[in-house]
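# okay, sequence plus prediction incoming.
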Amino acid sequence: MRQGIYARSIKRKLDILLSGTALVVLSPVMAVTAWQVRKKLGSPVLFTQLRPGKGEKIFKMYKFRTMTDERDAKGNLLPDEQRLTEFGKFLRESSLDELPELFNILKGDMSIVGPRPQLVRDMVFMTKEQRRRHKVTQGLTGLAQVSGRNNISWEEKLAYDQEYVKHITFLGDLKIIFKTIGNVLKKED
């Protein structure tokens, strides 16, 4: 996989600039969201989960918590659909739960655009070709997200990831960012 100058050296600088700016601009939104999560769902405010990143290096991804910690009589967590509140659904539908990932971008664990980090356990289900998605930094948004997100199959998502990895360009990333913003504003995908 040959990368151009944008993917090799400009993309990371843009990630730092844009994620740092977004953190400053969105800090009031993040503060209110954190306060509401604390008030409605309790502590901790952030949900962390291990995900495979570039080179399949495992990192801790941050999100705002969207579910309660409700448990059954034996102390086991209730199923996700019972713990996901209306407020949690709102956070997910509006993508506000994703805002803490800006810290992952600033740290270098993630990029603004790239294949969306999957669960660690999902790697065993990927073919060698599909695992090539880990040759690049994983993204807050990506080609699969703007091409159907949850409305496309697992294989289609991974195919879009492969397509992205082969053709990383500034214009391509810009299109994905604008499509993502449009989808969020229209509440699509």
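Received, thanks.
# okay, CA-based contacts and neighbour counts for the rest of this
Will do.
# which parts of this structure are helices?
Assigned by DSSP state H, the helices in the chain fall at 5, 11-25, 27-41, 80-83, 86-94, 101-107, 143-146, 154-166, 170-186.
# now these as JSON lines including mean neighbour count and distance to Val120?
Output for those, formatted as JSON lines (neighbours: other Cα atoms under 10 Å; distance: least, Cα to Cα, whole Å):
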{"stretch": "helix 5", "mean neighbour count": "12", "distance to Val120": "30"}
{"stretch": "helix 11-25", "mean neighbour count": "16", "distance to Val120": "24"}
{"stretch": "helix 27-41", "mean neighbour count": "15", "distance to Val120": "26"}
{"stretch": "helix 80-83", "mean neighbour count": "12", "distance to Val120": "19"}
{"stretch": "helix 86-94", "mean neighbour count": "15", "distance to Val120": "21"}
{"stretch": "helix 101-107", "mean neighbour count": "21", "distance to Val120": "17"}
{"stretch": "helix 143-146", "mean neighbour count": "24", "distance to Val120": "18"}
{"stretch": "helix 154-166", "mean neighbour count": "18", "distance to Val120": "15"}
{"stretch": "helix 170-186", "mean neighbour count": "15", "distance to Val120": "25"}
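# closest to Arg121 out of those?
With Cα to Cα, the closest approach to Arg121 among these belongs to helix 154-166: 14.0 Å.
# from Gly4, how far off is the residue nearest to Ala159 when sequence neighbours are not counted?
Leaving aside its sequence neighbours, Ala159 sits nearest to Gln130 (Cα to Cα, 6 or more residues apart in numbering; 7.5 Å). As judged by Cα to Cα, to the nearest Å, Gln130 and Gly4 stand 21 Å apart.
# pick out the residue nearest the middle of this protein.
When Cα atoms, centre = their mean is applied to the chain, the residue found nearest the centroid is Leu140 (3.9 Å).
# is it correct that it is in contact with Asp109?
No - here Leu140 does not reach Asp109: they are 10.5 Å apart, not a contact under Cα atoms under 8 Å.
# one step back: out of the helices of the chain, nearest to Thr66?
helix 86-94 (4.1 Å).
# how distant is that closest one from the center of its chain?
15 Å (Cα atoms, centre = their mean, to the nearest Å).
# what residue of the protein is the furthest out?
Outermost in the chain, Cα atoms, centre = their mean: Ala73 at 33.5 Å.
# tell me the phi and psi of that one?
Main-chain torsions, Ala73, degrees, to the nearest 10: phi -60, psi -30.
# by mean pLDDT, point me to the weakest helix or strand of the chain.
The helix or strand of the chain with the lowest confidence, counting by mean pLDDT, DSSP states H and E, is helix 80-83 at a mean of 85.
# neighbours of the nearest residue to Phe170 once chain neighbours are set aside, how many?
Take Phe170 and drop its neighbours on the chain: the residue closest to it by Cα to Cα, 6+ apart is Tyr6, 6.5 Å away. Neighbour count of Tyr6, defined by other Cα atoms under 10 Å: 14.
# many thanks, have a good one.
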